[in-house]
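Trainee: Show me how the following folds:
(chains A, B, C and D)
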There are 2 protein chains.
Amino acid sequence: MTVEKVTSQDVARLAGVSQSAVSRVFTPGASVSPAMAKKVHAAAAELGYRPNVLARSLITGRSRIIGLVVAYLENQFYPVAIEHLSRALQAEGYHILIFMAENSESQVADVIQELMDYQVDGIIAASVAMTHDLSERCAAAGIPVVLFNRDQDGQSHSAVTSANTIGGAKVAEFLIAGGHRRIAHIAGWQGSSTGRDRQKGFLDALAAAGREPVAVIDGMYTRDGAADAARQMMAMPDPPDAIFVGNDHMAFAVMDVLRSELGLSVPGDVSIVGYDDVPLSAWPAFDLTTLRQPVNRMVAATVETILGKIQDRTLKPRKIEIDGPLILRGSARIPEGWAG
Amino acid sequence: MTVEKVTSQDVARLAGVSQSAVSRVFTPGASVSPAMAKKVHAAAAELGYRPNVLARSLITGRSRIIGLVVAYLENQFYPVAIEHLSRALQAEGYHILIFMAENSESQVADVIQELMDYQVDGIIAASVAMTHDLSERCAAAGIPVVLFNRDQDGQSHSAVTSANTIGGAKVAEFLIAGGHRRIAHIAGWQGSSTGRDRQKGFLDALAAAGREPVAVIDGMYTRDGAADAARQMMAMPDPPDAIFVGNDHMAFAVMDVLRSELGLSVPGDVSIVGYDDVPLSAWPAFDLTTLRQPVNRMVAATVETILGKIQDRTLKPRKIEIDGPLILRGSARIPEGWAG
DNA sequence: CTGAAAGCGCTTACAG
DNA sequence: CTGAAAGCGCTTACAG
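Mentor: Below you'll find the model as predicted:
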């Protein structure tokens, strides 16, 4: 079992042409005569030659690799996003080098450093905290950074999110219109922009209607956090009759507590609304009413932003917010004549 | 915003040493005096130098990149596996270049080819079909291949699976012991080794007990396939009182049909047993009895196998089967005094 | 231990 | 259009 690396030299020799000619044949847009191309392709096919992408990257300064940093995959939103991101990038000739990181500053910093060692052309950080300093370092190194489903202060990075504040407000209006009297919120992690924005939009819209939440607890984007919050709320003397939960992943945990643990009915006793619209939400077992984050459009915007910046370094970082619809299902009372 | 690439030359100049010296300081195990190391580190820190991994790879012939090919991420088993795989490989200084592929031979062949262009040190194919020819090409190129959660004929690749035949048999014995009279099977995709092995183990064990399944339908590992199969089975004059479903992902769809669509009770009317034990299975909404695939051990075996082969090319490919336990939950009647 | 030199497999001006 | 040459940023024998 011989491990023979076939190089452009070998092909050149067999085809009886120069090594540069071989290189040109495999460089889109380079000028080669049809005769040359034919000879070279024949020799290449015979030897099974393909250009070494790494060697090419060393010269061109582009690796066609995008680094993706992601914290955890239990929330189905992320696998779905990764799948879309990966396919979209592949279609453009790019590939994803994936790094798992704890969502801590030092971990993320280490990971980004490793990513830079690989000479990635760009970095996508999905729901992961980046310090201001870190994103400036990337910018200084000419590596575009786009935050996916999270934003933070600073102008050195781009960010793509759904319109979280508006989304939170939509849920509030929907629950009010549904005639709910005691509305509560199990918030997304308040250390994240999505958690804060959804909560702000929700509470502001409530206030605009002269209403106040009966309870607000940070669910930390975890099942345990959400489940505990649900137990606390339902143990109140006057428990809520509607809960807006900061994402679907937590909403499932809340429904589990209400139905399996407390024997309550959803939406009979409590209406539940989530945020994301992951595939699971449509399954009959949950049938969750939720504010959809349009993954497809978020991914398209992310890919366009990062590739744009790679091709034209002078482009300014931009913040994109994409509006999503409320998806009506069976977990929350639907106001009569509701049209959104 | 200047994009300055700092190279070992720059560091050498600043430190007043040769470029090779700088290289040695960043090469673990190379011989350098403490004084030299200190000078170089100081200069490197000042300039923010880090070695270019791509240039290094060109010489060493190792990229420290592992290609991962995966078909779809809706089944939660895969995100979980990717997360574990990624973390385990990161801990060893390797990283994952991820490729999504349709599970078709030509698509997979294309993807593998691209992976080889990136000079990956090894390839992990998760539940994806590889032709014999393809895995031989990788072997010829000196790139170890390990199939994760799938196997097929041929000795040119390694494979890590759970003990699927034994697992299928365990489920059969459990359902028989539970006193079920009409046992059916919604099989995993029969084009896959896992689907075939689980079915074979299940049917053989049934036969060994003098029993026959009342129905066997291929669920294709999809929600739709499984849901249709469930509808067909429940429409039989004498519907099953127990169904072994080829994986958890399908089992959820089956439970949705039984409970939400047909108004049946699980396990009151029908016992359901799945295969995988994804995190979702433990959620109260499903509470699914299932044969666990020990992801941690499967991942550990995969990492060990592929890194072993990278370090020692003479190692033979190997097939590893890892036994998993039946996890008892509420979706299937538990035989009295059952101890496994 | 250290430096000068060759070379990994390519791309890309530069002549012709 | 084509070839000879330089060079991308490193590692690694080879002398000293």
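Trainee: State the number of residues packed around A:Ala35.
Mentor: The number of residues packed near A:Ala35 is 8, by other CB atoms under 10 Å in any protein chain shown. For glycine as for every other residue, the C-beta is placed from the backbone atoms N, C-alpha and C.
Trainee: Outside of stretch A:205-212 itself, list whatever touches it.
Mentor: Contacting residues not belonging to stretch A:205-212 are listed as A:168-170, A:172-173, A:176, A:183, A:213 [CB atoms under 8 Å, 6 or more residues apart in numbering or on different chains].
Trainee: Spell out which parts of chain A neighbour DNA strand C.
Mentor: A:5, A:7-9, A:19-20, A:23-24, A:26-27, A:30, A:49-52, A:55-56, A:58-60 (CB under 7 Å from any atom of the strand).
Trainee: Would you mind measuring from the closest residue to DNA strand D within the stretch 1-150 of chain A to A:Arg211?
Mentor: Nearest residue of the stretch 1-150 of chain A to DNA strand D (CB to the nearest atom of the strand) works out as A:Ser31 at 2.7 Å. As defined by CB to CB, to the nearest Å, A:Ser31 lies at a distance of 70 Å from A:Arg211.
Trainee: Looking at these two, which is more packed in?
Mentor: Taking other CB under 10 Å, A:Ser31 and A:Arg211 do not tie; A:Arg211 has more neighbours (17 against 7).
Trainee: you'd agree the more buried one is in a helix?
Mentor: No. Counting by DSSP: H, G, I helix; E, B strand; the rest coil, A:Arg211 is not found in a helix; it is coil.
Trainee: follow-up on the earlier one: which element is the residue nearest to the residue of the stretch 1-150 of chain A closest to DNA strand D when sequence neighbours are not counted on?
Mentor: Closest residue to A:Ser31 apart from its sequence neighbours, by CB to CB, 6 or more residues apart in numbering or on different chains: A:Arg24 at 7.1 Å. For A:Arg24, the host element (DSSP states H and E) is helix A:19-25.
Trainee: what does that helix contact?
Mentor: Against helix A:19-25 from outside (CB under 8 Å, 6+ apart): A:8-9, A:11-12, A:15, A:30-32, A:36-37, A:40-41, A:44, A:49, A:51.
Trainee: And stretch A:140-150, end to end?
Mentor: 22 Å (CA to CA, to the nearest Å).
Trainee: Is the worst-scoring helix or strand of chain A on mean pLDDT positioned near chain B?
Mentor: Scoring the helices and strands of chain A by mean pLDDT, DSSP states H and E places helix A:132-140 at the bottom, with a mean of 86. Yes. Contact of helix A:132-140 with chain B (CB under 8 Å from any CB of the partner chain) involves A:139-140.
Trainee: For that helix, enumerate the helices and strands it packs against.
Mentor: Judged by 3 or more CB pairs under 8 Å, 6 or more residues apart in numbering or on different chains; DSSP states H and E, helix A:132-140 is in contact with helix A:105-117, strand A:145-148.
Trainee: helices and strands around the longest one, which ones?
Mentor: What that stands for is helix A:105-117. strand A:65-70, strand A:95-100, strand A:122-126, helix A:132-140.
Trainee: can you check the shortest one too?
Mentor: Secondary-structure packing of strand A:145-148 (3+ CB pairs under 8 Å, 6+ apart): strand A:122-126, helix A:132-140, strand A:158-162, helix A:295-311.
Trainee: and for the longest one, what are the contacting residues?
Mentor: By CB under 8 Å, 6+ apart, the residues outside helix A:295-311 that reach it are A:62, A:66, A:77, A:80-81, A:84-85, A:88-89, A:92, A:94, A:121-122, A:124, A:144, A:146, A:148-149, A:158, A:160-162, A:315, A:317-318, A:320, A:322.
Trainee: which of the residues in it are buried?
Mentor: Of the residues in helix A:295-311, A:295, A:298-303, A:305-307, A:309-310 count as buried by neighbour count, 16 or more other CB atoms under 10 Å in any protein chain shown.
Trainee: how about those in TSV, adding pLDDT and distance to DNA strand D?
Mentor: Formatted as TSV, those follow (pLDDT from 0 to 100; distance: CB to the nearest atom of the strand, whole Å):
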residue	pLDDT	distance to DNA strand D
A:Val295	97	37
A:Met298	98	34
A:Val299	97	32
A:Ala300	97	33
A:Ala301	98	32
A:Thr302	98	28
A:Val303	97	27
A:Thr305	97	26
A:Ile306	97	22
A:Leu307	96	22
A:Lys309	93	20
A:Ile310	93	17
